[in-house]
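Following is a predicted model, sequence given first.
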Amino acid sequence: MPPQIFPTAFDALFDVFDGAVILVGGFGHVGHPHNLVRALRDRGVKNLTIVANNIGLGDSLDLLAETGQIKKFIGSFPVRASRERMTHFERLYREGLAEVEITPQGTMVERIRAAGAGIAAFYTPVGVGTIVETGKEKRVFNGREYILETALPGDFALIKAYKADKLGNLTYRRTARNFNPIMATAARVTIAEVEEVVEPGELDPEAVVTPGIYVDRLVICPRDYHDPAIFQTWD
């Protein structure tokens, strides 16, 4: 079935529940679904596990930390953006109110890709001999140590794309693609905010990166969303 098109980001998140695992696309500000994340904040759901590349680095995710909605963050860069100002998430973590699971960037992407491909786990040499290997199975292949990493699926994926057609096929704008296509494959429900929805056949098939079969909901949002609250940690 084609995805449902919702009038607002808030409406598109109608069934997000407390304790959900949510994959969130974007690299810093680029390709990040600001509108969906702000709507998630407004929904008030709690105890969320957020899987993303970063938090508090030009994205909107720190707004969820400010309201205490994040229980755990899984990603590569859970760090402050400046020496002078601590992010809300770092404050939660330091107060023992949130957990962090550091995952090397390539490993994080492969864990999500594995979830979308139906692969339960895989071995990688990344992280051997570091804190990353703590509590994980290790094996030796051809004289080299590897650690076992498990797939990383989500209940919901919140992603940002450029255009969609009414069948849910998505195109992306240059580097704004980043983690979004992979996350779209790995969640039970994928929700995409896009700048425009066109009729089937209007998108160049060669430009379609995410097939509509992976997309459950669409919401049309402005191209550029700027809010001082999002960028305050860059000061």
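Structure's in. What do you need?

what's F73 sitting at in phi/psi?
phi -120, psi 130 (degrees, to the nearest 10).

and the protein, what are its domains?
As assigned by automatic domain parsing, the chain contains the domains 4-103+152-221, 118-151.

For E202, the count of nearby residues, please.
Counted by other Cβ atoms under 10 Å, the residues lying close to E202 total 12. Just so you know, the C-beta spots here come from the backbone N, C-alpha and C atoms, and that holds for glycine as well.

for it, what are its contacts?
D165 (Cβ atoms under 8 Å, 6 or more residues apart in numbering).

wait, is it part of a strand?
No: counting by DSSP: H, G, I helix; E, B strand; the rest coil, one finds E202 to be coil, located in no strand.

Quick check: the gap between it and I213.
18 Å (Cβ to Cβ, to the nearest Å).

May I see the domains of the chain organised as a markdown table, with distance to E110 and mean pLDDT added?
As requested, the domains of the chain are exported to a markdown table (distance: least, Cβ to Cβ, whole Å; pLDDT from 0 to 100):
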| stretch | distance to E110 | mean pLDDT |
| --- | --- | --- |
| domain 4-103+152-221 | 9 | 94 |
| domain 118-151 | 7 | 95 |
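
V109: which of those domains is closest?
Proximity to V109 (Cβ to Cβ) singles out domain 4-103+152-221 among these, at 5.9 Å.

gap between the two ends of that closest one?
Domain 4-103+152-221 stretches 15 Å from its first residue to its last (Cα to Cα, to the nearest Å).

ditto for stretch 97-115
End-to-end distance (Cα to Cα), stretch 97-115: 28 Å.

tell me which residues in it are buried?
98, 102-104, 107-115 (16 or more other Cβ atoms under 10 Å).

Mean neighbour count, the domains of the chain: which tops it?
Burial of the domains of the chain is given as mean neighbour count (mean count of other Cβ atoms under 10 Å); domain 4-103+152-221 ranks first at a mean of 20.

who touches the helix ranked longest in the chain?
Ranked by residue count, the top helix of the chain under DSSP state H comes out as helix 105-117. Residues from elsewhere that reach helix 105-117 (Cβ under 8 Å, 6+ apart): 23, 51, 53, 74-76, 103, 120-122, 124, 126-127, 132, 149-154, 179, 182-186.

The same query, at a cut-off of 6 Å, please.
Taking contacts as Cβ atoms under 6 Å, 6 or more residues apart in numbering, the residues outside helix 105-117 that touch it are S76, F122, T124, V126, E149, A151, L152, P153, I182, M183, T185, A186.

From those residues, pick the one nearest R38.
Nearest to R38 among these is M183, at 18.2 Å by Cβ to Cβ.

can you pull the contacts of the closest one?
With contact set as Cβ under 6 Å, 6+ apart, M183 has these partners: L23, G25, I112, A157, I159.

State the pair within those that is farthest apart.
It's I112 and I159 that sit farthest apart of the contacts of M183, by Cβ to Cβ, at 11.6 Å.

Can you list phi and psi of the residue of the chain most remote from its centre for me?
Distance from the centre of the chain peaks at G143, with 35.2 Å (Cα atoms, centre = their mean). Dihedral angles of G143 (phi, psi; degrees, to the nearest 10) stand at phi 80, psi 10.

Can you get me the start-to-end distance on stretch 197-212?
12 Å.
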